[in-house]
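Enquirer: Starting from these lines, generate the structure:
(chains A, B, C and D)
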Protein chains: 2
Amino acid sequence: MRNTGGSARAPLSRERVLRAAVALADEDGIESLSMRKLGEALGVQAMSLYRYVSGRDDVLDGMADLVVAEIDLPRPGAPWRVAMRQRAISAHEVVLRHPWASSLIESRKSLSPERLRYADTILGSLREAGFPIAVAGRAFFILDSYVYGFTLQEVNQGVPAQELPQVVARLRPQVPTEVYTNLAEFMEHLARRNPRSSRSRRKHESSYAADFEFGLDLILDGLQSLLTARGQ
Amino acid sequence: MRNTGGSARAPLSRERVLRAAVALADEDGIESLSMRKLGEALGVQAMSLYRYVSGRDDVLDGMADLVVAEIDLPRPGAPWRVAMRQRAISAHEVVLRHPWASSLIESRKSLSPERLRYADTILGSLREAGFPIAVAGRAFFILDSYVYGFTLQEVNQGVPAQELPQVVARLRPQVPTEVYTNLAEFMEHLARRNPRSSRSRRKHESSYAADFEFGLDLILDGLQSLLTARGQ
DNA sequence: CACTGTAAGCTTACAACGTAAGTCTGTCAA
DNA sequence: TTGACAGACTTACGTTGTAAGCTTACAGTG
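Expert: The predicted structure is shown next:
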């Protein structure tokens, strides 16, 4: 099959390869993404991809960049707390759309323009608010730790959002009440929780959204008190 | 080579297999750990391992459990804040000894007795301090998010602790000052930092230990204020 | 027109991987 | 002596990343 006589195939590009990789990972999970399948999805042999990417690692880096680019950056003038809050919530939502991405983003820190711009914007927002550079850097690191750490736990629980109470209820018998008193209590609490209040029910909504924002605000409060303590 | 006539080999066991896997991952990284190499390290064919573990995934689960078991659990009577602080710091140190473990621990939540005991102890400490079960659960989740998120970033930076300033200084030219003002400032701050104060220099010491505890205390402060706000 | 360079794909090949299925061997109980 | 069985080994299959080289189509030049 030499691709003769057929309709001309859309031209490949690094961009198209990476987007296909993201789509494939979203569908089948990152662990089942291979160069061969990626080629197949693009109507091409695996080795043909190597003209556009330097290898599998490069694909992973590129995918992480694409996902980072989906995160909303705060607009320049926004107050720091609003900016940080929106960014964190946006990052949380984005990673829920791409469950494989949380570990990738944290573990592969390429110096791509996208990543640099991202970091610079965040740091800028904090600097402008009066945080000294050292504290701004720490705040950035802390927030990222929380956002991706939280999402990593959430996503890899493997529980598809709505079904948490049922799943917990099913697991509950495996935890003997006498031995693990507190854990048992907690599981019963989870099983009792409203699966979802009447709020909007977006596609990739997190059943932990409230928990996420709870911890987020706790951290933001802490950062804020750093600021006011310095007499700002 | 039928292992005839030689000295009797130490008997295998699930325990020994997992410990060998941990040692191998510590040395060469998790991504280069294969069933074949693991067998070789134990003087055995790859397939022989399947008598003790059910497959590669089982090995990974077991490794995560072993590492979790290394984390110091607080003694029962300890005040919650001391308990949480020590646990977090211990977890941080443990994961630095096993850099591959942070993502594994977060992503593979098996219901092994080790893990259950761990969770139960933490929750118990918080319950005893007066946190309602819902808040205790959230606090646990938040702290874990931070600990493993932080460590994941730290470890996968790939910078071996002491060399941070030099590495940052080397990377600095790749970040144009005019475009990324704040990032440039931050990198210069990092390059200027004392590589390590005169404090103890343990084997796997983190050059981010101070940063880690900074964020940790910030979160603990937040949790504490939840407690006092309820009139405790 | 022919000639040549190059971009964009294809083919083949290899070593390493996880693991299913079957086989051998030594030990111990009946 | 026989049988069972634990604890290994052997072989084999399909899949993976990618090195190396080959083929085709076309643009530009003379």
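Enquirer: ok, A:Arg75 - how many residues close by?
Expert: 11 (other Cβ atoms under 10 Å in any protein chain shown). All C-beta atoms are positioned from the backbone trio N, CA, C, and that covers glycine.
Enquirer: for A:Ile71, same thing?
Expert: So A:Ile71, with other Cβ under 10 Å, has 20 neighbours.
Enquirer: Could you check which helix or strand contains A:Pro176?
Expert: Under the criterion of DSSP states H and E, A:Pro176 resides outside all helices and strands.
Enquirer: For it, give me phi and psi.
Expert: Phi and psi for A:Pro176, reported as degrees, to the nearest 10, are phi -60, psi 130.
Enquirer: ok, now which ones touch the residue lying closest to it once chain neighbours are set aside?
Expert: Leaving aside its sequence neighbours, A:Pro176 sits nearest to A:Ala184 (Cβ to Cβ, 6 or more residues apart in numbering or on different chains; 7.7 Å). Neighbouring residues of A:Ala184 by Cβ atoms under 8 Å, 6 or more residues apart in numbering or on different chains: A:172, A:175-177.
Enquirer: Which residue ranges of chain A form strands?
Expert: For chain A, applying DSSP state E gives no strands.
Enquirer: what are the ranges of the helices in it?
Expert: For chain A, the helices defined by DSSP state H cover A:14-28, A:35-41, A:56-70, A:80-97, A:101-107, A:113-128, A:133-156, A:164-171, A:181-192, A:209-229.
Enquirer: Residues contacting the first one, please?
Expert: Outside of helix A:14-28, the residues within contact range by Cβ under 8 Å, 6+ apart are A:10, A:33, A:37-38, A:41-42, A:49, A:52-53, A:59, A:62-63, A:65-67, A:97-98, A:100.
Enquirer: Let's see that with 7 Å instead.
Expert: A:33, A:37-38, A:41-42, A:49, A:52-53, A:59, A:62-63, A:66, A:98, A:100 (Cβ atoms under 7 Å, 6 or more residues apart in numbering or on different chains).
Enquirer: Can you add pLDDT, distance to B:Thr121 and neighbour count and give the residues you listed back as TSV?
Expert: Below are the contacts of helix A:14-28 laid out as TSV (pLDDT from 0 to 100; distance: Cβ to Cβ, whole Å; neighbours: other Cβ atoms under 10 Å in any protein chain shown):
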residue	pLDDT	distance to B:Thr121	neighbour count
A:Leu33	97	38	23
A:Lys37	98	44	15
A:Leu38	98	45	22
A:Ala41	96	47	15
A:Leu42	96	51	21
A:Leu49	97	49	24
A:Tyr52	97	51	17
A:Val53	97	46	19
A:Val59	98	42	23
A:Gly62	97	42	23
A:Met63	97	38	25
A:Leu66	97	41	17
A:His98	96	34	21
A:Trp100	95	32	22
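Enquirer: quick one: which of those is nearest to chain B?
Expert: Chain B lies nearest to A:Trp100 out of those, by Cβ to the nearest Cβ, at 10.5 Å.
Enquirer: Whichever residue of chain A sits closest to chain B and DNA strand D: what is the separation?
Expert: Going by Cβ to the nearest Cβ, chain B is nearest to A:Gly149 of chain A, at 2.4 Å. Distance, A:Gly149 to DNA strand D, by Cβ to the nearest atom of the strand, to the nearest Å: 27 Å.
Enquirer: List buried members of the contacts of A:Ala184 by neighbour count.
Expert: By neighbour count, with 16 or more other Cβ atoms under 10 Å in any protein chain shown, those hold A:Val175 as buried.
Enquirer: Next, give me the two most distant ones among the contacts of A:Ala184.
Expert: A:Arg172 and A:Pro176 (10.3 Å; Cβ to Cβ).
Enquirer: Grab the most central residue of chain A for me.
Expert: For chain A, the residue nearest the mean C-alpha position is A:Val95 (2.4 Å; Cα atoms, centre = their mean).
Enquirer: What score does that residue have for pLDDT?
Expert: On the pLDDT scale, A:Val95 is placed at 95.
Enquirer: Let me have the contacts of A:Ala184 in CSV, extended by pLDDT and distance to A:Ile122.
Expert: Below are those laid out as CSV (pLDDT from 0 to 100; distance: Cβ to Cβ, whole Å):
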residue, pLDDT, distance to A:Ile122
A:Arg172, 93, 41
A:Val175, 91, 40
A:Pro176, 94, 46
A:Thr177, 94, 45
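Enquirer: For A:Asn156, list the residues it contacts.
Expert: For A:Asn156, the contact set (Cβ under 7 Å, 6+ apart) comprises B:106-107.
Enquirer: quick one: it and DNA strand D, what's the gap?
Expert: Taken as Cβ to the nearest atom of the strand, the span from A:Asn156 to DNA strand D is 21 Å.
Enquirer: same question, A:Leu18
Expert: In this view, A:Leu18 and DNA strand D are 14 Å apart by Cβ to the nearest atom of the strand.
Enquirer: Excluding chain neighbours, give the residue nearest to that residue in space.
Expert: A:Leu18 sits nearest to A:Gly62 (Cβ to Cβ, 6+ apart), 4.2 Å away.
Enquirer: Check the spacing between the one you found and A:Ser112 real quick.
Expert: 8 Å (Cβ to Cβ, to the nearest Å).
Enquirer: Ok, A:Met63 next?
Expert: According to Cβ to Cβ, A:Met63 and A:Ser112 sit 12 Å apart.
Enquirer: and what of A:Tyr118?
Expert: From A:Tyr118 across to A:Ser112, the span is 9 Å (Cβ to Cβ).
Enquirer: try A:Ile133
Expert: 23 Å.
Enquirer: what's the answer for A:Phe212, then?
Expert: 27 Å.
Enquirer: neighbour-wise, which of those two wins?
Expert: Shown here are A:Phe212 and A:Ser112; by other Cβ under 10 Å, A:Phe212 has more neighbours (24 against 15).
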